[in-house]
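Novice: Next one to model:
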Amino acid sequence: MGFKHSTGTRRRARGFTLIELMIVVAIIGILAAIALPAYTNYMTRAKLTEAVTTLDAARVAVNEAYSSSGGTFPSASSPPIITQAVASNAQYVTSIKYNPGVASTVGVVVTLGKTGIAQVDGKFLGVFGTGMADGSVSWICGTANTANDTASGAGVQSMYPYLPTACQH
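Specialist: Residues are numbered from 1 along each chain as shown. You can find the predicted model right below:
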């Protein structure tokens, strides 16, 4: 005697129920609501990497000029960096400005643009240095209020979420 299956107890697979599909759609919606702002933040930070890299290169040039000149920053008429134009491959830095200040201070400020983010476009980011007696320069990275600043501007907080921690001054 063989084992016989009853055809009445076997169910055919019919697919997903409506409630199961609704749960999956809700989960996807929640994940998208969390992921899209994080992705936008990440892309903005990536765009600002160009500005930070440009400022780091300028900082090195200004350091060299300061130490080789015996502890004075070059004048605005003979800057240690090219200030009229940015690199030909620059996408988000529209200009760079060298600003020697008084009392051994200096600022190098870039103007940001073409990022597509209102909190960043048209704003300024810079590195600001103070010359030391030993021939070194103490630097701080931060936002600037204008392209002519020689000190970090505290009023440009809309860019803070996108800046590296070292530049949130």
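
Novice: So which residues of this protein form helices?
Specialist: For the chain, helices defined by DSSP state H occupy the ranges 18-68.

Novice: what sits against the most centrally placed residue in it?
Specialist: The residue lying closest to the centre of the chain (CA atoms, centre = their mean) is L48, at 3.0 Å. For L48, the set of contacting residues under the criterion of CB atoms under 8 Å, 6 or more residues apart in numbering consists of Y92, L112, T115, V120, L125, Y162, L163, P164. Where you see a C-beta, it was placed from the backbone N, CA and C, and this is true even at glycine.

Novice: Show me those residues that map onto strands.
Specialist: L112, L125 (DSSP state E).

Novice: Tell me where the model's unsure across this structure.
Specialist: The chain contains residues with pLDDT under 70 at 1-13, 84-85, 153-157, 169.

Novice: quick revisit: out of the contacts of L48, which end up buried?
Specialist: Y92, L112, T115, V120, L125, Y162, L163 (16 or more other CB atoms under 10 Å).

Novice: just the residues you listed now: which is nearest G71?
Specialist: L125 (26.6 Å; CB to CB).

Novice: Count the neighbours of the residue lying closest to the closest one once chain neighbours are set aside for me.
Specialist: Spatially, and ignoring its direct neighbours in sequence, L125 is nearest to A51 (5.2 Å; CB to CB, 6 or more residues apart in numbering). In terms of burial, A51 registers 26 neighbours under the definition other CB atoms under 10 Å.

Novice: Next: T130.
Specialist: 16.

Novice: ok, what's across the strand from it?
Specialist: Beta-bridge pairing for T130 (DSSP bridges): T105, S138.

Novice: for it, what are its contacts?
Specialist: Neighbour list for T130: S104, T105, V137, S138 [criterion: CB under 8 Å, 6+ apart].

Novice: my read: the second one touches A151, true?
Specialist: Yes. Counting by CB atoms under 8 Å, A151 is a contact partner of T105 at 7.0 Å.

Novice: tell me, what's touching the two both at once?
Specialist: Overlap of the contact sets of T105 and A151 (by CB under 8 Å, 6+ apart) consists of F128.

Novice: what's the closest of the contacts of L48 to N145?
Specialist: Looking at the contacts of L48 and their distance to N145, the nearest is L125, at 11.3 Å (CB to CB).

Novice: Tell me who's in contact with the residue nearest to K114 when sequence neighbours are not counted.
Specialist: Spatial nearest neighbour of K114, chain neighbours left out: Y92 (5.7 Å); criterion: CB to CB, 6+ apart. Neighbour list for Y92: K47, L48, E50, A51, L112, G113, K114, T115 [criterion: CB under 8 Å, 6+ apart].
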